[in-house]
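Chemist: after the sequence you'll find the predicted model.
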Amino acid sequence: YVKKCNAHPLLRKLSDEEMKEDVCVETMRMVTEEGKKVERAGAGKYYAVYERIGVKEGAVHAKNFFNEGEFGVVRSNNKKDGGD
């Protein structure tokens, strides 16, 4: 998963310093059931945290994916075809 996340254009990996300063990361490591289980087992904790970065102008995202004319979308007004 890390390779795919590293290559994804809308994700940015947080630095070690950023992760140390983020209370959510500390909670994930020490307070969640999974974090506690790993701690009890004495195993190593391996994790990476990514931030979603902004969508560039003209990019495909959830708000425009189904717009009329996008990706061959044609809206039908015919109820039989599932239109409005």
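Modeler: Ah, there it is. Numbers count the residues shown, from 1 in each chain.
Chemist: what's in contact with stretch 38-54?
Modeler: 2, 5, 8, 10-14, 18-19, 22, 25, 28-30, 35 (C-beta atoms under 8 Å, 6 or more residues apart in numbering). C-betas here are computed from N, CA, C, even on glycine.
Chemist: apply 7 Å and report the result again.
Modeler: Residues outside stretch 38-54 that contact it (C-beta atoms under 7 Å, 6 or more residues apart in numbering): 2, 5, 10-14, 19, 25, 29.
Chemist: so where's this protein shaky on pLDDT?
Modeler: 55-84 (pLDDT under 70).
Chemist: just the helices in it please.
Modeler: Assigned by DSSP state H, the chain shows helices spanning 2-7, 16-21, 23-30, 33-41.
Chemist: just put those in TSV and tack on mean neighbour count.
Modeler: Converted to TSV, the helices of the chain look like this (neighbours: other C-beta atoms under 10 Å):
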stretch	mean neighbour count
helix 2-7	10
helix 16-21	11
helix 23-30	12
helix 33-41	11
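Chemist: can you redo those helices as TSV with distance to G54?
Modeler: Shown next, in TSV, are the helices of the chain (distance: least, C-beta to C-beta, whole Å):
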stretch	distance to G54
helix 2-7	17
helix 16-21	17
helix 23-30	20
helix 33-41	30
